[in-house]
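> okay, sequence plus prediction incoming.
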Amino acid sequence: MSDTVVGPRDPYHIGHGDRAAWRDPHSEHAARDLASKRIIVGYGFWIFLLSDIVMFSAFFATYAVLSGETAGGPGGKDLFHLDIVAIETACLLLSSFTCGIASIGARARNDGLYYGSMAATAVLGAGFLFLELREFAGMIAIGAGPTRSAFLSAFFTLVGCHGLHVTLGLMWLLTMMAQVFAKGYRADILRRVLCFSMFWHTLDIIWVAIFTVVYLMGVGTQ
Amino acid sequence: MLCPTASGRLCPGIAGELKDTTGDPWNGRSLEWATSSPPPAFNFAVLPHVEGEDAYWGMKQRALEQQKLGDEPAYEDIEVPRNSATGFICAFFATIMGFALIWHIWWMVIAAFIGAFATFVAFSWRDRTEEIIPAAEVARLDRANRSARSAALARLRPAR
């Protein structure tokens, strides 16, 4: 039994000075060693992402409260073009798929798969950003900028904050391509690729909520 | 005399008699009092053994009853992140960027952002991000703290 190795006083194998016992090769428990750095880094980055999601949920709550306060100006029904937003959504969802392929490529140390799908992710992300910026510019051009009404302030804060995240994510993506190019598939760089892909997938999750709460519900009601 | 620190490090006048060397000047209950003050770079010489709430209180009561500390642990090398000024430099650029955003000085926004991003890239480009504190150094620092705690045991009484 494992208890004879570590002792009943250490049921979770946290260890206390007797680390040699954790690494007992005859152990029946897989959790005999400390969690790997990859697990710890991924877990820590999830906690960061959750704090980011908390911030977004505050913006969502703000938007939900203010979405009807158009101050006599245009509302969601007048401003949103669902066909464009559908293309934006397709770009982002596809980019999450290529990002997943890129993590597989990085783990397999397959240059073509990694660089190819990272580049595809970048192109799709840039396409999303281009469409979003065009939408923002069009709205501002017809006088529906963030200062027009409380609804538009909340809209530009929420959607703009997501767009800012995508912009920073794109810069991070290019940095990760350059890092793998300069330093190879080193363990610490693979951990960063993991964090980047978690970040990118989280942006996708938030976009799905924006697509539903802002665009679909915005066009559907009023 | 205003004296906000416990260790007396900023108060040379009273440091002589009241200076705390144990890291536990207020007879604390939780683990932050189980290491020296200021703490070493590795915080804890070995992972503390936690059995319930107020883990340090339990350790301390055991030590007081037996009038000696627990056995000296087996020290090992400890890996810690290397020191870096990245946080400070990024905060500098972020402050400039915040100022420039408030006053709509767009060239300054871009310059500050590039500065922060370049700092981030330089930080991530390092080849050696961690360093090892050898077991001998861990042992030296922890033994100094343990001897201060041993001396303090005689002054305290078990809380029973």
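Structure's in. What do you need? Note that the structure is predicted; figures quoted are calculated from it, not measured.

> near chain A, which residues of chain B are found?
Within reach of chain A by Cβ under 8 Å from any Cβ of the partner chain, chain B has these residues: B:46-51, B:73-74, B:76, B:117, B:121, B:124-125, B:127, B:129. Where you see a C-beta, it was placed from the backbone N, CA and C, and this is true even at glycine.

> list buried residues within the residues you listed.
Neighbour-count burial (16 or more other Cβ atoms under 10 Å in any protein chain shown) applied to the residues of chain B next to chain A gives B:46, B:48-49, B:73, B:76, B:117, B:124.

> if we can go back for a sec, determine which two of the residues of chain B next to chain A are furthest apart.
B:Glu51 and B:Phe117 (46.7 Å; Cβ to Cβ).

> secondary structure class of the residue in chain B that chain A sits nearest to, three-state.
Taking Cβ to the nearest Cβ, chain A has its nearest neighbour within chain B at B:Pro73, 3.5 Å off. Under DSSP: H, G, I helix; E, B strand; the rest coil, B:Pro73 falls in the coil class.

> need the three-state assignment for residue 138.
Since no chain was named, I'll use chain A. A:Gly138 falls in the helix class when you classify it by three-state DSSP.

> now intersect the residues of chain B next to chain A with the helices, please.
Of the residues of chain B next to chain A, the ones assigned to helices by DSSP state H are B:117, B:121, B:124.

> quick check: the second one touching A:Leu174?
No: proximity of B:Val121 to A:Leu174 does not meet the contact threshold set by Cβ atoms under 8 Å, at 10.0 Å.

> what about the one residue sitting closest to the centre of chain B, distance to B:Ile110?
Chain B has B:Pro39 as the residue nearest its centroid, 3.6 Å off, counting by Cα atoms, centre = their mean. From B:Pro39 across to B:Ile110, the span is 40 Å (Cβ to Cβ, to the nearest Å).

> next one: B:Glu53
In terms of Cβ to Cβ, B:Glu53 sits 52 Å off from B:Ile110.

> ditto for A:Tyr114
A:Tyr114 sits 31 Å away from B:Ile110, taking Cβ to Cβ as the criterion.

> of the two, give the one with the bigger neighbour count.
A:Tyr114 (24 against 12; other Cβ atoms under 10 Å in any protein chain shown).

> ok, that one - contacts?
Residues in contact with A:Tyr114 (Cβ atoms under 8 Å, 6 or more residues apart in numbering or on different chains) are A:102, A:105-106, A:180.

> what about chain A, any weak spots by pLDDT?
A:1-34, A:221-222 (pLDDT under 70).

> ok, the longest helix anywhere in it near chain B or not?
Criterion DSSP H: the longest helix present in chain A is helix A:150-183. Yes: Helix A:150-183 is in contact with chain B by Cβ under 8 Å from any Cβ, via A:171, A:175, A:179, A:182-183.

> distance from the chain centre to stretch A:69-87, please.
The chain centre lies 25 Å from the centre of stretch A:69-87; the measure is Cα atoms, centre = their mean, to the nearest Å.

> what residues of it count as buried?
A:70, A:74-76, A:79-80, A:85.

> which residues of chain B fall in strands?
Ranges of strands within chain B are B:78-81, B:130-133, based on DSSP state E.

> can you check which of those gets nearest to B:Glu65?
Proximity to B:Glu65, assessed across the strands of chain B by Cβ to Cβ, is greatest for strand B:78-81 (30.2 Å).

> tell me what the closest one is packed against?
Applying 3 or more Cβ pairs under 8 Å, 6 or more residues apart in numbering or on different chains; DSSP states H and E, we find strand B:78-81 packed against strand B:130-133.

> which residues sit against the strand it packs on?
So strand B:130-133 is in contact with B:41-42, B:77-82, going by Cβ under 8 Å, 6+ apart.

> pull it out as CSV, backbone CA atoms only.
What follows is strand B:130-133 as a C-alpha-only set of coordinates in CSV (Å, rounded to 0.1, in the frame of the first residue of the first chain):
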residue,chain,number,x,y,z
GLU,B,130,14.8,30.8,-13.4
GLU,B,131,17.7,30.2,-11.0
ILE,B,132,18.5,27.6,-8.3
ILE,B,133,19.0,28.5,-4.7
